[in-house]
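>>> just coords:
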């Protein structure tokens, strides 16, 4: 179902950037499938200490959750006020940091109790969020990724993401994996692998066909959710309102970059 509060126009620049990608995309192999709450409009996802932590969106339905991987059962839940639309999520020390979409406000929670510790403000839209051990990394729906001081939440630096000469717009949910930034590109089945140094796209992962067509929830039920289990080297992906979460292995393409 398409909800008015989640509608965004897809710019031609996004279509151009995907269509002219200079890398042949890597594929995937499904290792395991887990249940996922089909009512969860997934905006942020991380894996930590054996559990999934998820930020869900839609005004009146947004929340912060701790979820059991094996069963998909919500173990802990902190609903957001109706005026907030939940977005990106990451951990920092013993806290969880959550963005909101248009309210220009983020929240910091105690990771164990979900007690709200503080809030902070920013001047742009909140989309995806991750961290590299030094800074938080935030997307705002453009081709720009901002690196934020995790204490003051002020911008330290930013990178502009491009595949060759083409800017990659609509960067959404983020995850930092093996020194690279993985980013869902909104309304596509692709994940961009991005250099955190200069914003160059290092490669693409094509997840087309991951969710069976007869289980897709509608036009806004798109791929959006990347979580990495560093201890066991497991990569998890899901989407908005998807009934399943997938553990996948990326399978490298044999095709070379075009000149």
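Thanks, I have it. Just so we're clear, the structure is a prediction, and the values are computed from it rather than from any experiment.
>>> okay, how far is it across stretch 217-232, tip to tip?
End-to-end distance of stretch 217-232 (CA to CA, to the nearest Å): 31 Å.
>>> To clarify, my last question referred to stretch 164-182.
Taking CA to CA, stretch 164-182 runs 17 Å from one end to the other.
>>> Which positions within it qualify as buried?
166-177, 180-182 (16 or more other CB atoms under 10 Å). For the C-beta atoms, the positions are set from N, CA and C on the backbone; glycine is no exception.
>>> Looking at those, which are in strands?
Counted as lying in strands by DSSP state E, out of the buried residues of stretch 164-182, are 166, 167, 171, 172, 173, 174, 175, 176, 177, 180, 181, 182.
>>> Out of these, the closest to residue 212 would be?
residue 173 (21.3 Å; CB to CB).
>>> Next one: residue 226 relative to residue 90, how far apart?
Noted for residue 226: a distance of 11 Å to residue 90, by CB to CB, to the nearest Å.
>>> what do you get for residue 201?
Using CB to CB, one obtains 21 Å as the distance from residue 201 to residue 90.
>>> ok, those two, which is more surrounded?
Applying other CB atoms under 10 Å to residue 201 and residue 90 shows that residue 90 carries more neighbours, namely 27 against 20.
>>> Go over the secondary structure and confirm the more buried one is in a strand.
Yes - assignment of residue 90 by DSSP: H, G, I helix; E, B strand; the rest coil places it within a strand.
>>> so who does it touch?
If you count contacts by CB atoms under 8 Å, 6 or more residues apart in numbering, residue 90 has them with 44, 46, 96, 97, 129, 130, 131, 136.
>>> Helices of the chain, start to end?
For the chain, the helices defined by DSSP state H occupy 12-19.
>>> so where's it shaky on pLDDT?
Residue ranges of the chain with pLDDT under 70: 1-23, 254-259.
>>> Looks like residue 59 contacts residue 82 (just checking).
Yes - if you go by CB atoms under 8 Å, residue 59 and residue 82 touch, sitting 6.0 Å apart.
>>> of these two, who's got more company?
The residue with more neighbours, out of residue 59 and residue 82, is residue 59; 20 against 10, by other CB under 10 Å.
>>> List the backbone torsions phi and psi for the more buried one.
Main-chain torsions, residue 59, degrees, to the nearest 10: phi -60, psi 130.
>>> same deal with residue 111?
Backbone geometry at residue 111, expressed as degrees, to the nearest 10, gives phi -70, psi -30.
>>> Give the full set of residues in contact with it.
For residue 111, the contact set (CB under 8 Å, 6+ apart) comprises 48, 53, 91, 94, 95, 96.
>>> what separates the residue nearest the centre of the chain from residue 135, distance-wise?
By CA atoms, centre = their mean, the mean C-alpha position of the chain lies nearest to residue 173, the distance being 1.7 Å. The gap separating residue 173 from residue 135 is 18 Å, by CB to CB.
>>> just residue 95 next, same as before
15 Å.
>>> List the beta-bridge partners for residue 174.
residue 183 (DSSP bridges).
>>> Would you quantify the distance from it to residue 138?
From residue 174 to residue 138 the distance is 8 Å (CB to CB).
>>> need the contact list for residue 33.
Residue 33 makes contact with 244, 245, 246, 247, according to CB under 8 Å, 6+ apart.
>>> Repeat that for residue 200.
161, 162, 163, 194.
>>> same thing with residue 87?
43, 44, 55, 57, 98, 99, 100, 101, 126, 127, 128, 129.
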